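Trainee: Pasting the sequence and the predicted coordinates here, then a few questions.
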Amino acid sequence: MATPTNTASRVSGLSGATPARRLGPGGRRRQGLRRRKTITPYLFLIAPVALLVVFTYVPVVNMFGYSVTSWNGLSPSKEFIGADNYIEIATRPELFGVLRVSLYYIGASVIQIVLALYFATVLSFNVRFRNFFKGIIFFPYLINGVAIAMVFLYFFEPGGTLDSTLNAIGLGDLSRQWLGDPGTINYSLAGTSLWRYLGLNFVLFLGAIQSIPAQLYEAAEIDGANRWHQFRFLILPGIRPIVGLSCILAISGSLSVFEIPYIMTGGANGSETFVTQTVFMAFKAYKVGLASAMAVVLLLIILLITWVQRRVVPDEKVNLS
Amino acid sequence: MKKYGIAGTALALLLALAGCGGDDEGGTDGAISGEITVLTQRTDIVNTVFQDYKKKFEAKYPGTSVKFEAITDYEGEVRIRMNTKEYGDVLLIPNSVTDDLLSTFFEPLGTVDELKDKYRFVRNEKILDGKVYGLALTGNAQGFVYNKKVWQQAGITAPPKTPAEFLAALTAIKDKTDAIPLYTNYKDGWPLSQWESFRGVVSGDPDAAIKLAKDDAPWAPGKEHHVIDSLLFDIVQQGLTEPDPTTTNWEQSKGMIGTGKVATMMLGSWSIVQMQDAATNKADIGYLPFPMQPNGKFHTVMAGDYKNAININSKNKATARAWIDWFTDESNYAVDQGGISALVSQPMPSTLADLTAANTEFIELSPPPKGEEGLADKIGNAAEIALNDGKYRQRIVDAARGGEERDQGRDLRRPQQEVVGRQIQDQVSG
């Protein structure tokens, strides 16, 4: 916590000093100042860029390195085997079979985006207890993923919260083994994911909606537009870039689902996703090389899908005012 | 100098990051003094029982100090840490370290010939080229922990002798009592991995592990893995386990067997003490041998639990060695935990009285031939079956419940067998 305060005081110190120097007549001084001005932003960048390089790019480069070896994660020797791991991935359909599980999460994220859009629109107008509802919807996103997984384990267990609730409202017949039944487990997990990430989409949409100038609503109302018209012709076009971004995040998120199935079921009972399978390869079957190659493949798939989405829905500048 | 302020902060931050792995100098080889770090998996007693050990050890060797590092996910975390040099001075050898890598990471503690008269579990476990790399904390026998009262209520008083009898007993429990006949602890995964420790128990053959590595069809009828996995499959398929395995709870399961809500669980003998602690009456908890009588007798395999070893990069090997010797010889850890002591001179623990009463033969598996250390596990990993990981048996449970493998044909074991057979050929020929 100390660092930001320090930086802040240094920033104000610098800007405080600058006007005084600007009064000075000497050309050299001015040159020095210009140089300092060009250097300063880069100095600010050193720390974040260093963190990014050390904790993101170096590991990714290493991962590419591992993916062409048969390393087991421990042995000091890493035998180079070229593209064998990639060939293995391409020739083993069962490795991709688990991507079918991602469809459940894609389905859930469609519902998630629609719901988030609905709530964001409703709560951007003057509604009673609006801040309270905003809080409730955003709150799940703030909770640690592990805690959510634990809570939902109790929620789904036989005789747990969900079953009790269903009993209480007379729908006890609906209760079943939410996680034990291979037919429902992925719906249950995708539902958990929906509950958790709804808040993020909601806040993104809400922020975007609120950036639409207020006089446009007034003008629309004068023209006789009802709420639906306002949404259809004002809000939705106004926040299109954010909706597009949310879709990309939702798809890539659905392909790389990890923590909810990993913590709640460990990928058992047919809830295995591509990433839990990769973790199994790396840390249970000790095929770090193959797992790295799988991670690379997933990265490429996500990049490809993002690129396609970008082509289909180009990022246009929105100008409403 | 103000303009260097920010750059300086950034630099300092970088240096701080780079300097994270600082060296701490301990004593030199030979003298028993200085600080050692001991990694342990016992997060539950590191602040109680282990502090007591620390005091006694430091009193015996003045000038030493022992620091514990308790790790919850011991297997997962330590293996990754072993890619650096900083993995404590004394640590437990992770199960996933195949024997051929022992000399890369650990200091030898002596030859098998030197140690075998004094210690159990040094003939065949964690050895490479006749050298011993770890001393067991404690040892276990294998079987089923059960609630005697529930079994008696169902009218079963003698240990079942065949898998069929065992199934009949569980069925009787289901019919005559309210208890869950067998609790799998499926959700946590590792309790299911315990089933693999019946390797050698089913056949009563000390060479079971060696033969497994050479077997092209370990799931053929009559073979050990067929017997073990069929028993689990049948138990689950006949509905003799908890209704929803995906929401089992390990901590709760102890109380459930203690109070008779659960009748049986498959766990190593280390679990007996924990189950007794959770029971209303300690005498309710008993231990059953695997329902198989090769050569007309029950068998159980004695095997060492985690083994203490010295980090080959340790700067204080003398003190590390002193700790391992003290821990094995004098701490009384094994007896306190109800396990089999690594010391040959210590008698069998009272927790195994049930096995002795059932006239069970205790065997130790034979050491693998030179060059085949850890071969069976390597083949398992290559085939992605990872026999010692719970996931493999989770799939059997899923299949028995009509889950994951439903669409891919009835016999779950067949495709795996083919894969393993192929892998073995690769291993042997390449």
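Mentor: That came through fine.

Trainee: show me where the stretch 51-200 of chain A has helices.
Mentor: Per DSSP state H, counting those that start in this stretch, the stretch 51-200 of chain A carries helices over the ranges A:58-66, A:84-91, A:93-97, A:99-124, A:130-142, A:145-156, A:161-168, A:185-210.

Trainee: Who are the packing partners of the fourth one?
Mentor: To tie it back to what came earlier, the one meant is helix A:99-124. helix A:130-142, helix A:185-210, helix A:240-255 (3 or more C-beta pairs under 8 Å, 6 or more residues apart in numbering or on different chains; DSSP states H and E). C-beta coordinates here come from the backbone N, C-alpha and C atoms, glycine included.

Trainee: could you give the angle of it to helix A:130-142?
Mentor: 160 degrees (axes from the mean of the first three to the mean of the last three C-alpha atoms, to 10 degrees).

Trainee: circling back: relative to chain B, tell me which of the helices and strands packed on helix A:99-124 wins on proximity.
Mentor: For the helices and strands packed on helix A:99-124, the distance to chain B is smallest for helix A:185-210, at 7.1 Å, taking C-beta to the nearest C-beta.

Trainee: count of neighbours near the closest residue to A:Ser124 other than its chain neighbours?
Mentor: Spatially, and ignoring its direct neighbours in sequence, A:Ser124 is nearest to A:Ile209 (4.4 Å; C-beta to C-beta, 6 or more residues apart in numbering or on different chains). Neighbours of A:Ile209 under the rule other C-beta atoms under 10 Å in any protein chain shown: 21.

Trainee: Packed most tightly, which of the helices and strands packed on helix A:99-124 would that be?
Mentor: helix A:185-210 (a mean of 21; mean count of other C-beta atoms under 10 Å in any protein chain shown).

Trainee: Redo the helices of the stretch 51-200 of chain A as JSON lines? Include distance to B:Lys307 and mean pLDDT.
Mentor: Output for those, formatted as JSON lines (distance: least, C-beta to C-beta, whole Å; pLDDT from 0 to 100):
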{"stretch": "helix A:58-66", "distance to B:Lys307": "29", "mean pLDDT": "94"}
{"stretch": "helix A:84-91", "distance to B:Lys307": "33", "mean pLDDT": "92"}
{"stretch": "helix A:93-97", "distance to B:Lys307": "35", "mean pLDDT": "88"}
{"stretch": "helix A:99-124", "distance to B:Lys307": "39", "mean pLDDT": "94"}
{"stretch": "helix A:130-142", "distance to B:Lys307": "44", "mean pLDDT": "93"}
{"stretch": "helix A:145-156", "distance to B:Lys307": "31", "mean pLDDT": "91"}
{"stretch": "helix A:161-168", "distance to B:Lys307": "43", "mean pLDDT": "92"}
{"stretch": "helix A:185-210", "distance to B:Lys307": "38", "mean pLDDT": "94"}
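
Trainee: Output the ones you listed in a markdown table, with distance to B:Gly380 appended to each entry.
Mentor: Below are the helices of the stretch 51-200 of chain A laid out as a markdown table (distance: least, C-beta to C-beta, whole Å):
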| stretch | distance to B:Gly380 |
| --- | --- |
| helix A:58-66 | 21 |
| helix A:84-91 | 18 |
| helix A:93-97 | 18 |
| helix A:99-124 | 25 |
| helix A:130-142 | 40 |
| helix A:145-156 | 29 |
| helix A:161-168 | 38 |
| helix A:185-210 | 27 |
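
Trainee: Among these, which comes closest to B:Ser197?
Mentor: B:Ser197 sits nearest to helix A:145-156 of all those, at 27.5 Å, using C-beta to C-beta.

Trainee: Name the residues of that closest one that come out as buried.
Mentor: A:148-149, A:152-153, A:155-156 (16 or more other C-beta atoms under 10 Å in any protein chain shown).

Trainee: How far does it sit from its chain's centre?
Mentor: 19 Å (C-alpha atoms, centre = their mean, to the nearest Å).

Trainee: any residue of that helix up close to chain B?
Mentor: Yes - using C-beta under 8 Å from any C-beta of the partner chain, helix A:145-156 comes into contact with chain B via A:153, A:156.

Trainee: Could I get the contacting residues of residue 250?
Mentor: Here I'm looking at chain A. A:106, A:109-110, A:112-113, A:201 (C-beta atoms under 8 Å, 6 or more residues apart in numbering or on different chains).

Trainee: nope, chain B
Mentor: Contact analysis of B:Trp250 by C-beta under 8 Å, 6+ apart lists B:185, B:187-188, B:191.

Trainee: which two from the residues you listed end up farthest apart in space?
Mentor: Farthest apart among those - using C-beta to C-beta - are B:Lys187 and B:Pro191, which lie 9.1 Å from each other.

Trainee: out of those two, which sits in the busier spot?
Mentor: Of the pair B:Lys187 and B:Pro191, B:Lys187 is the one with more neighbours under other C-beta under 10 Å, namely 26 against 22.

Trainee: for that one, what are its contacts?
Mentor: Residues near B:Lys187 by C-beta under 8 Å, 6+ apart: A:265-266, A:268, B:245-250.

Trainee: In these, which residue is surrounded by the most others?
Mentor: When neighbours are counted by other C-beta under 10 Å, B:Thr246 leads these with 30 neighbours.

Trainee: mind showing which ranges of chain B have poor pLDDT?
Mentor: B:1-29, B:403-430 (pLDDT under 70).

Trainee: Next, name the residue at the spatial heart of it.
Mentor: B:Asp305 (5.6 Å; C-alpha atoms, centre = their mean).

Trainee: got a list of what it touches?
Mentor: Contact partners of B:Asp305, counting by C-beta under 8 Å, 6+ apart, are B:136-140, B:268, B:270, B:339.

Trainee: redo that, cut-off 10 Å
Mentor: Applying C-beta atoms under 10 Å, 6 or more residues apart in numbering or on different chains, we find B:Asp305 in contact with B:41, B:92, B:95, B:121, B:125, B:136-140, B:268-270, B:334, B:337, B:339-340, B:342.

Trainee: roughly how far apart are B:Trp323 and B:Lys317?
Mentor: 10 Å (C-beta to C-beta, to the nearest Å).

Trainee: Mind listing the shared neighbours of the two?
Mentor: Residues touching both B:Trp323 and B:Lys317 (C-beta under 10 Å, 6+ apart) are B:36, B:89-90, B:310.

Trainee: didn't A:Ala190 look like it was pressed against A:Phe152?
Mentor: No - using C-beta atoms under 10 Å, A:Ala190 is not in contact with A:Phe152, being 11.5 Å away.

Trainee: State the phi and psi torsions of B:Ala172.
Mentor: Here is the backbone geometry of B:Ala172 (degrees, to the nearest 10): phi -60, psi -40.

Trainee: all strands of the stretch 51-200 of chain B, in order?
Mentor: Here the stretch 51-200 of chain B has its strands, by DSSP state E, counting those that start in this stretch, at B:64-70, B:90-92, B:106-107, B:110-111, B:127-128, B:131-132, B:135-136, B:139-140, B:142-147, B:180-182.

Trainee: and those strands as CSV, adding distance to chain A and mean neighbour count?
Mentor: Shown next, in CSV, are these (distance: least, C-beta to the nearest C-beta, whole Å; neighbours: other C-beta atoms under 10 Å in any protein chain shown):
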stretch, distance to chain A, mean neighbour count
strand B:64-70, 19, 17
strand B:90-92, 14, 26
strand B:106-107, 12, 22
strand B:110-111, 24, 15
strand B:127-128, 14, 21
strand B:131-132, 19, 22
strand B:135-136, 21, 26
strand B:139-140, 22, 26
strand B:142-147, 22, 25
strand B:180-182, 12, 24
